[in-house]
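Q: A predicted structure for the sequence below; I have some questions about it.
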Amino acid sequence: MTERILEEFEQDIDDLCFLPSDGGVFEVVADDRLVYSKKATGRHADYDEVLQSLREHRGG
């Protein structure tokens, strides 16, 4: 997933960090805004879903 995010958003991303957490939490945050949360949806996202959330966040 990291490679696909960087391929599409390399001009928009200054820093990308994946942090391990307890309890199987998987969250994607962009510009201090939560754009995807496994905890909120109750399921793991697929690549396209995360990419689409990031596209929507950047306005495109």
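A: On my side now, so go ahead.
Q: Assign the closest residue to F9 other than its chain neighbours to helix, strand or coil.
A: Closest residue to F9 apart from its sequence neighbours, by Cβ to Cβ, 6 or more residues apart in numbering: L54 at 6.3 Å. Using the backbone N, CA and C atoms, a C-beta is placed for each residue, glycine as well. Assigned with DSSP: H, G, I helix; E, B strand; the rest coil, L54 falls in the helix class.
Q: List the contacts of L54.
A: Shown in contact with L54 (Cβ atoms under 8 Å, 6 or more residues apart in numbering): 5, 8-9, 28, 30, 35.
Q: Show me what the residue sitting nearest the centre point of the chain is bridged to.
A: Central residue of the chain (Cα atoms, centre = their mean): V28, 3.4 Å from the mean position. Note on V28: beta-bridge partners by DSSP bridges are Y36.
Q: Quick check: mean pLDDT of the strand or helix carrying H57?
A: Assigned by DSSP states H and E, H57 falls within helix 47-58. In this model, helix 47-58 has a mean pLDDT of 89.
Q: buried ones in it?
A: 50-51, 53-54, 57 (16 or more other Cβ atoms under 10 Å).
Q: Is G24 in contact with K38, as I believe?
A: Yes: using Cβ atoms under 8 Å, G24 is in contact with K38, at 7.0 Å.
Q: who has more neighbours, the two?
A: Taking other Cβ atoms under 10 Å, G24 and K38 do not tie; K38 has more neighbours (15 against 8).
Q: correct me, but that one touches H44?
A: Yes: here K38 reaches H44: they are 5.5 Å apart, a contact under Cβ under 8 Å.
Q: Give me the common contacts of those two.
A: With Cβ under 8 Å, 6+ apart as the test, K38 and H44 both reach F26.
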